[in-house]
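S.K.: sequence plus predicted model, see below.
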Amino acid sequence: MVQLTKDLTRTYELGDINEYPILGGEIIYQGAAIGLEVASGYVRSLQAGDKFVGFAEDNINASNASDGEKNIRVKRRGSVTLELSGATITDIGKSLYATDDNTFTLSSAGSSVYIGQISRHQYDSEIIVDFDSATIPPAVV
């Protein structure tokens, strides 16, 4: 590529929605945390070791599809209400991790996947989490 010498109209995407091709054989439920399986480049219901890309907007059944045959729309940033066993008001500001598409923890141990920061404790185990799939996970000390 060379430096521009005239105006160039670029295409921009606005908002907080993204769309990804799904790994074949997957069934993804609305609201599931979605992970990118780095080795294949396809997304699936989040599993330990994946890269978090957002939360599923739809229910997609790709159980009889090949890799990439179907796509899923995800909410890639925002605030979401989640369940965290044992959550308390003192968890505000802490990092939240996931071990699968609906299991959340404060522990970064093992292959837990960084989701975001707890911004509010609602009641009992209900929390509000600010998430952005483009955010780099904090360093584990």
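M.R.: That came through fine.

S.K.: going forward, measure contacts between C-alpha atoms and count neighbours the same way
M.R.: Fine.

S.K.: so how many other residues sit close to residue 40?
M.R.: Neighbourhood size, residue 40 [other Cα atoms under 10 Å]: 9.

S.K.: which element is it on?
M.R.: Using DSSP states H and E, residue 40 sits within no helix or strand.

S.K.: now residue 109: how far from residue 87?
M.R.: 18 Å (Cα to Cα, to the nearest Å).

S.K.: who's more crowded, the two?
M.R.: residue 87 (18 against 11).

S.K.: what sits against residue 26?
M.R.: Going by Cα atoms under 8 Å, 6 or more residues apart in numbering, residue 26 touches 44, 45, 61, 62, 63.

S.K.: so who does the fourth one touch?
M.R.: Contact partners of residue 62, counting by Cα under 8 Å, 6+ apart, are 22, 23, 24, 25, 26, 27, 28, 69, 70.

S.K.: of the residues you listed, which is the most crowded?
M.R.: residue 22 (28 neighbours).

S.K.: so what's it up against?
M.R.: Per Cα under 8 Å, 6+ apart, neighbours of residue 22: 42, 43, 44, 62, 67, 68, 69, 70, 71, 72.

S.K.: what bridges to it?
M.R.: residue 43 (DSSP bridges).
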